[in-house]
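Student: coords please:
(chains A, B, C and D)
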Protein chains: 4
Amino acid sequence: MPQAITPIPLKIAYIGGGSRQWARSLMFDLALCPDLTGEVWLYDIEMESSRLNERFGNWMQGQPGVLSKWRYIAEPTLDKTLQGADFVVISIQPGTLEVMGQNIAIAARYGMHYPVGDTTGAPGLMRGLFSAIVYAGFARAIAEHCPNAWIINYTNPMTMCTRTLTKVAPGLKVFGCCHEIFGTQELLAELVAQHWHEHPARAEIEVNVIGINHFTWIDRAIYKGRDVLALARHHLEQPGALHVFTRAELLERVRAEARERSDRMYANREISEEELQAAGSFVALHQVKYELLRRFGILGAAGDRHLAEFVPGFTRSPEELARWGILMTPVSMRIRRWKDAPLRTQSIMEGKQPFVIEHSGEEGVQQITSLLGLGNLMTNVNVPNVGQITNLPLGAVVETNAYFSRDSVRPITAGALPAGVLSLVSRHVSNQEMIIEAALTGDKDLAFQAIFNDPTTTAPIDDAWAMFNEMLQASRAYLPGWKM
Amino acid sequence: MPQAITPIPLKIAYIGGGSRQWARSLMFDLALCPDLTGEVWLYDIEMESSRLNERFGNWMQGQPGVLSKWRYIAEPTLDKTLQGADFVVISIQPGTLEVMGQNIAIAARYGMHYPVGDTTGAPGLMRGLFSAIVYAGFARAIAEHCPNAWIINYTNPMTMCTRTLTKVAPGLKVFGCCHEIFGTQELLAELVAQHWHEHPARAEIEVNVIGINHFTWIDRAIYKGRDVLALARHHLEQPGALHVFTRAELLERVRAEARERSDRMYANREISEEELQAAGSFVALHQVKYELLRRFGILGAAGDRHLAEFVPGFTRSPEELARWGILMTPVSMRIRRWKDAPLRTQSIMEGKQPFVIEHSGEEGVQQITSLLGLGNLMTNVNVPNVGQITNLPLGAVVETNAYFSRDSVRPITAGALPAGVLSLVSRHVSNQEMIIEAALTGDKDLAFQAIFNDPTTTAPIDDAWAMFNEMLQASRAYLPGWKM
Amino acid sequence: MPQAITPIPLKIAYIGGGSRQWARSLMFDLALCPDLTGEVWLYDIEMESSRLNERFGNWMQGQPGVLSKWRYIAEPTLDKTLQGADFVVISIQPGTLEVMGQNIAIAARYGMHYPVGDTTGAPGLMRGLFSAIVYAGFARAIAEHCPNAWIINYTNPMTMCTRTLTKVAPGLKVFGCCHEIFGTQELLAELVAQHWHEHPARAEIEVNVIGINHFTWIDRAIYKGRDVLALARHHLEQPGALHVFTRAELLERVRAEARERSDRMYANREISEEELQAAGSFVALHQVKYELLRRFGILGAAGDRHLAEFVPGFTRSPEELARWGILMTPVSMRIRRWKDAPLRTQSIMEGKQPFVIEHSGEEGVQQITSLLGLGNLMTNVNVPNVGQITNLPLGAVVETNAYFSRDSVRPITAGALPAGVLSLVSRHVSNQEMIIEAALTGDKDLAFQAIFNDPTTTAPIDDAWAMFNEMLQASRAYLPGWKM
Amino acid sequence: MPQAITPIPLKIAYIGGGSRQWARSLMFDLALCPDLTGEVWLYDIEMESSRLNERFGNWMQGQPGVLSKWRYIAEPTLDKTLQGADFVVISIQPGTLEVMGQNIAIAARYGMHYPVGDTTGAPGLMRGLFSAIVYAGFARAIAEHCPNAWIINYTNPMTMCTRTLTKVAPGLKVFGCCHEIFGTQELLAELVAQHWHEHPARAEIEVNVIGINHFTWIDRAIYKGRDVLALARHHLEQPGALHVFTRAELLERVRAEARERSDRMYANREISEEELQAAGSFVALHQVKYELLRRFGILGAAGDRHLAEFVPGFTRSPEELARWGILMTPVSMRIRRWKDAPLRTQSIMEGKQPFVIEHSGEEGVQQITSLLGLGNLMTNVNVPNVGQITNLPLGAVVETNAYFSRDSVRPITAGALPAGVLSLVSRHVSNQEMIIEAALTGDKDLAFQAIFNDPTTTAPIDDAWAMFNEMLQASRAYLPGWKM
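Tutor: Residues are numbered from 1 along each chain as shown, chains lettered A, B, ... in the order given. Next comes the predicted model:
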């Protein structure tokens, strides 16, 4: 792999630069990359958050283990942040967690229970609606201030955010990153270990990725020339591979797992009920993935909590979700965690918590170096369909493998989805397209049609309309100019 | 309109020639058409039924009002029936009413309640599965014995039957006929009468028809240059146009309407509970149609009992259906009516009931004369998509207007479905294609995927699988060679 | 056919209202239609021409045989002409005949000889370039002043003119009319007379029309249920049906035919050499049509002089054209005829020539009455492809049959072009699209690529570039803002 | 890059195993690859040729520099050759060089002069016709005897051969290899050297490859992040970059170049006139490539002798070709070289000529090791379009980059051809498809339509028909069952 002799100087614009998780990941990964240097401009609607990240980023420069020089600059205007940027990173919170929580609660009152609620289903599509409005503005600003920059999106709903950028400003160079595939590769690596007694690294499981973000599929998985998907099908037939949980059983299982990590997560204290619920998101039982493999022949490749939101039936009750090993993630917990994050940052800078720098596991910085010509890379990304998936619409944002080289992200042709899966996936593609169109034109009816058309929406059409209107009310702060 | 100087001699092959309703319609319409003459060969797996129709058809020849000469021949073999036919008419009962009733009952146990159950939803798709198996045989036989004949299909599920013929033998000349559009035109004519105080005949409401059978839409309706769809939207805003029924209210309404027709239908005797239910199918309250217009902007153009089976939410309970003015049609009633039909035929021939010949209201004979060059005709039919609907797949059977002329049925371009409706319709198109593919290849998984993917299927995937297997068991007589 | 009780009042806007041929046709046909009345506004860049037509039109009102009342108004501004129009008729001369003549002469110097030069080949594509620039302005003006008007285009190049309107303002209701198909129907009627000894009217030959204007095809022709295309194939095999002409033979044939019409055309005086050449355009020998039928299996359906410009080989020399029975139309003759026309109009009004009113044979007024709801009509038109031709691009303007009814022109699905013909036709479709794009964006390279890509362009690429630049120079008055 | 610990044992089936050039290349590359071992079965309709290669291959085993063990087996039956093969290599001579020479000569008599004549134009399409007939047989045999083998095709016409395999047996794993792109990369490397004074290796010029074999294009070329296509455009503007040659000048240039290589090629003796002509094929003046870049904006990426056969104008005379720096390759020379090859092989084995083993520069063996899991590879190949080129038909064989990994060749999405180039390329795609269809169905008319539709065919349709029939006569030995 080629290496830069002197570090390449960059301006990175970070939209959502007050981010409490992704910003940290990026700072660490940049700090550990000796090939790059430069400035990171942090823009956020909450200026105090970006100020904190600015302080933390600059404080890091003097810490041990840091291999490169970066200046962090919190900037109150989007335009100045973007001016002349080489890369734009976006990770924002569309709307607020509170609004998302309200929409999830409204859906629940109508009998639909979303374990995550940030991607699809009525709450996810509502979130897409806000996001598209905000991202349309980003698209125009980037097209004006740094049209040649590469844009890396981390915000969910991934597909709708990324698609809005390319729909509003078709020339932009955009891709969206998500690590859900990694988890599926790890699951397959575990199956290899269990059945073949070898211990591959995640990346050694070569996969063909095909679908849309959080509803991605793997139709080919190879480890050293052997078919790991066939292995997974074999695994399914073993007794115990598939299990129908009671809620009590599931909680017990989560509690056990939580206890194992207790020292790190809970400082060895008693685990509260709310924490227990939240812990559910760490327990991956893969029952949905396995069931989809069993019935559709190829493997759903995202966390079960996401997959379950794309397919009818799972979300009809918390009990139903529990049967498949899924606990609802309490939004309250997310809010708590989000609120606590700055305190932790502060306490690290004050030396109250140790500063441990390590790679985040994300690929963002590796992608940046590839785009700068420092070594090619094959990985999965979300980009507009230019043919990589034969039977999804051109232009729709899809997730497949792509080949990164200097100033170039070329998707690999991933082939076609089989008929049964195609029908599941394409419905979401059209809903996402409708939501973006609705956002850009202010078309309330079209937004409703998308939400009513979501396969997990079970309410009759008049109830669905009432639910939709409640959500619009709850979200009105993020729908400027919409008539309600 | 041109007229034949001497009647044109034809051989018509009737598959399902023992039919108890459609056969009668055809016989009457043929008898009333002076331009045609010839033989009608009746083929049926129930030979005694076709023998009865043979007797009745030939008996008719001597009756007053009959304008043309036809010989009716009940024939036990399909091959001989088809040999050299000019037209093939197909109206069969795929499986039996009993099996259909069982499948509807199975679905009900899993929480899905289909008021008709012959077109879509799990019971309708199961029926499609049998039909495709049988129709594949018809296709091959017709291709062998009368490849240039025009085939007119009346059997439901219309789309799957018609599509199987053209999929198995692409050269065949096929169209499928359905009169549901007529009812919607009549509704629009009533609105014209109510609001504009004019009294158009059904056919004076010019409509653009677009969709698939029983889930057809009208996106343009003109009466004397005025926009009748705009009128319907105006009507919706009037108080009382939309109404949420209780079951009691609905039954009362049906009872009232039944009483009005009491003399004809019930010979002025008391109406039984079962009859009352059955009568529900005659009461058209159009609430589903109106609601679709309100939310999707264009008009669903089939009976509400059909429309409700294509859209999620309506079928979740009999009460839900009742809210929209729909009563479940008891299959028992259908079976009774089907069993009684021969007695009525018999009693007419014996002079116990009067023989009254009149046009059936169907267009079959008019279509036949058009295809023979005796006058062009514009009407709605079900044929493979050759571009008449821009955004549905080529090859799929769709319903639009078409222009009939000598030996030619050319669909009119109907344009594109709007995004929200497209998503509803295209899901069914792909399910229907999957069912046919499953039937032709014996692919049980694919059949399941279609059924699970039906938007009215609300059961979780494992329950849906159980339900599907129960239906396979119930239907095994009609799935030769399938492993269960 | 329904008839208006009182005439329907209309405002017709005529762009190119000084037209010396089409305006007359329209005036006559309107005068003969008792169902309509109103105003015709005449707009032309040559105001004196529209003034003459204004005078003539109004003068006609008092003449015998006129059945309806119209007021003709010459108007110097486009905006006022269009304001509130119900119909817009466009027949203009893009550029001038002199420029067209120069471009034809330039092409000839490079070895390419176009008998018409107004539709395709380098001169026709250049004409398309001017037209698209002018038509883009029309599109915007119509969209502003009378967006609901129906637009009828008669200008050549038909496809590029019509397409520009719908490309620039997608909502416009446009169709283009051309009578070339009629001539092919007449040829087929003659074959019926010759071989079957019946004498059908043109319209009794039912044809399926498929292709693009002047390069249209007929893949099905039926007369009373018999296959007239098969008859044409049979005819080809007769001795003498195909003939290779020498130029002398051809001139002799033309002279003979010209003499027959001598009284009308030449007032019984001697026919000059130039007139003889011009007369060639009236002599239809159909050799190109027959040859295309022989080699491609379906019938080219336009005058041979047009067809020969779309297919390689014919245009390589005047002698080659003569071999196929085609004489070059001298542009000088066209100019003469165009210049003489006002004198004839003047002398009619002065009573020096008799005023004889008769139907033009065009269908424009019949189309207008259909669109007003006075009887449906099936005829061939040029409109954007919405699926009527399966294997040409959506949006491209194509020619097929269409069904006219109130406020509606719905193309009939015409099917697919066979592979060999498709390849011939689709090349022109892409060239036409490139020319329009080049006109709208001022892209000289793209315009060249289209011209170089024309199948009749035989010059090597550097010569073709030189030719193209000569044409740009000759046409610079009609390419405002183009760099040369 | 991973390396096999012990060599992987393979059976390679070589169809055309008597090949006098490609077989040698493969033998050498296999001999130099320590990771592989096994058997190469040689099948050829000329058994003595494969016997000679068998002897030579086995003789090599004992020679110095050979790093792996292979057994060569000449086998008279195709079935046994294929039985259980892991890889199938195909390099045959479709028809004979004599027939190809005759077809080239026939075309010349009709005014069309093809410098190569093996890929496109009437002679190339005729060659495609034979090839498709033969390859259909290969497809069926491979599908029967080694359906999981990877097939590597080297035969021209590349596209038609490769496409026939996948059309006849869609499940086969096929790709076609051609090194013409390498030459274009070398040209670009030279431009870098000349203008930027750096000396990249060929593979350091990263290119996006898009098109069809021998008519491939490069729309992006990057060297160390700098745009080499922009450099090429800059180069064009320098005086002398484009030059119009006289034939005398060109011959002088070739003679000079030939003299430089004189020792190797001509053993320092006088160069005959025929040899001089032949030498022309080694002189690359790139005038066609540059002209295409100038007019179409992207770079034609194959030898000029090939490119000139795909675009109208160049082939109208030998002088025209010479103007662009291209000499006709005398088929006589090819035949001579082909006849002499065995003598050289013989004399090496007899020790009369030195045995020098070196890499052939082909990538075949590297591709084989990639497919076996020994290191991934990105290179250009010819495979069916699964979306890698957005605007060419799915299924057509196209050339782009692809990513080789274990048992997988995944094309990279290459994007869309610009409109002007698309029109040039897609015409050839449809011709190639028509030729294959004609070959598989014996449809003479369709074959003619393809040949007439070739953009370099300038003969009028009746002459073209005569030419086509002469070619059929000349080729009748390779068109079994065709009526002429």
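Student: Report the secondary structure element holding the closest residue to A:Ser347 other than its chain neighbours.
Tutor: Leaving aside its chain neighbours, A:Ser347 sits nearest to A:Gln353 (4.7 Å; criterion: C-beta to C-beta, 6 or more residues apart in numbering or on different chains). Using the backbone N, CA and C atoms, a C-beta is placed for each residue, glycine as well. In the assignment (DSSP states H and E), A:Gln353 maps to no helix and no strand.
Student: Can you name the residue of chain A nearest chain D?
Tutor: Closest approach between chain A and chain D, counting by C-beta to the nearest C-beta: A:Gly387, at 3.0 Å.
Student: so what's that residue closest to, chain neighbours aside?
Tutor: Distances taken as C-beta to C-beta, 6+ apart put D:Gly387 closest to A:Gly387, at 3.0 Å, once the chain neighbours are dropped.
Student: and that neighbour, what does it touch?
Tutor: A:Val386, A:Gly387, A:Gln388, A:Ile389, A:Thr390, A:Thr413, D:Leu394, D:Pro411, D:Thr413 (C-beta atoms under 8 Å, 6 or more residues apart in numbering or on different chains).
Student: Show me just the buried residues among those residues.
Tutor: A:Val386, A:Gly387, A:Gln388, A:Ile389, A:Thr390, A:Thr413, D:Pro411, D:Thr413 (16 or more other C-beta atoms under 10 Å in any protein chain shown).
Student: List the contacts of A:Val192.
Tutor: By C-beta under 8 Å, 6+ apart, the contact list for A:Val192 reads A:Glu198, A:His199, A:Pro200, A:Ile205, A:Tyr223, A:Val228, A:Leu231.
Student: Got a ChimeraX select line for the buried ones in those?
Tutor: A single ChimeraX command is used to select the members of these judged buried by 16+ other C-beta under 10 Å:
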select /A:200,205,223,228,231
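Student: my read is A:Ile12 is in a strand, agree?
Tutor: Yes: assessed by DSSP: H, G, I helix; E, B strand; the rest coil, A:Ile12 belongs to a strand.
Student: Identify each of the helices in the stretch 201-350 of chain A and give its residue range.
Tutor: A:228-236, A:247-260, A:262-266, A:273-279, A:287-296, A:304-307, A:318-323, A:331-349 (DSSP state H, counting those that start in this stretch).
Student: for these, which one ends up most surrounded?
Tutor: helix A:304-307 (a mean of 25; mean count of other C-beta atoms under 10 Å in any protein chain shown).
Student: residues contacting the residue nearest to A:Glu39 when sequence neighbours are not counted?
Tutor: Excluding the flanking residues, the one nearest A:Glu39 by C-beta to C-beta, 6+ apart is A:Arg71, at 4.8 Å. If you count contacts by C-beta under 8 Å, 6+ apart, A:Arg71 has them with A:Gly38, A:Glu39, A:Val40, A:Asn58.
Student: picking up where we left off before, need the helices of the stretch 201-350 of chain A in CSV with distance to D:Ala107 and mean pLDDT, can you?
Tutor: Below are the helices of the stretch 201-350 of chain A laid out as CSV (distance: least, C-beta to C-beta, whole Å; pLDDT from 0 to 100):
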stretch, distance to D:Ala107, mean pLDDT
helix A:228-236, 52, 96
helix A:247-260, 76, 83
helix A:262-266, 79, 62
helix A:273-279, 77, 72
helix A:287-296, 54, 96
helix A:304-307, 61, 96
helix A:318-323, 72, 94
helix A:331-349, 74, 84
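Student: Low-confidence ranges, chain A, go.
Tutor: A:1-5, A:261-269, A:280-282 (pLDDT under 70).
Student: Centre-most residue in it?
Tutor: Centroid-nearest residue in chain A, with C-alpha atoms, centre = their mean: A:Cys178, separated by 4.8 Å.
Student: I figured that residue hits A:Pro157, correct?
Tutor: No: in this structure, A:Cys178 is not within contact of A:Pro157 by C-beta atoms under 8 Å, at 10.8 Å.
Student: okay, and the common contacts of these two?
Tutor: Common neighbours of A:Cys178 and A:Pro157 (C-beta under 8 Å, 6+ apart) are A:Asn213.
Student: in what helix or strand does A:Glu399 lie?
Tutor: Assigned by DSSP H and E, A:Glu399 falls in strand A:397-405.
Student: from the chain's centre, how far out does that strand sit?
Tutor: Averaging C-alpha positions (C-alpha atoms, centre = their mean, to the nearest Å) puts strand A:397-405 15 Å from its chain's average.
Student: thinking again about what came up before, which of the buried ones among the contacts of D:Gly387 sits closest to chain B?
Tutor: Distance ranking of those against chain B, using C-beta to the nearest C-beta, places A:Thr390 first at 13.7 Å.
Student: my guess is that closest one meets A:Pro418, correct?
Tutor: No: A:Thr390 lies out of contact with A:Pro418 (C-beta under 8 Å); the separation is 11.6 Å.
Student: Pull out the CA atoms of stretch A:347-361 and give them to me as PDB.
Tutor: This file holds the C-alpha atoms of stretch A:347-361, laid out as PDB (Å, rounded to 0.1, in the frame of the first residue of the first chain):
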ATOM      1  CA  SER A 347     -13.900  14.300  32.900                       C
ATOM      2  CA  ILE A 348     -11.400  12.900  30.500                       C
ATOM      3  CA  MET A 349      -9.900  16.300  29.800                       C
ATOM      4  CA  GLU A 350      -9.800  16.900  33.500                       C
ATOM      5  CA  GLY A 351      -7.900  13.700  34.000                       C
ATOM      6  CA  LYS A 352     -10.700  12.100  36.000                       C
ATOM      7  CA  GLN A 353     -11.200   9.400  33.500                       C
ATOM      8  CA  PRO A 354      -8.300   7.900  31.600                       C
ATOM      9  CA  PHE A 355      -7.700   8.900  28.000                       C
ATOM     10  CA  VAL A 356      -7.400   5.700  25.900                       C
ATOM     11  CA  ILE A 357      -7.000   6.300  22.200                       C
ATOM     12  CA  GLU A 358      -7.900   3.400  19.900                       C
ATOM     13  CA  HIS A 359      -9.300   2.800  16.500                       C
ATOM     14  CA  SER A 360     -13.000   3.100  16.400                       C
ATOM     15  CA  GLY A 361     -13.600   0.200  14.100                       C
END
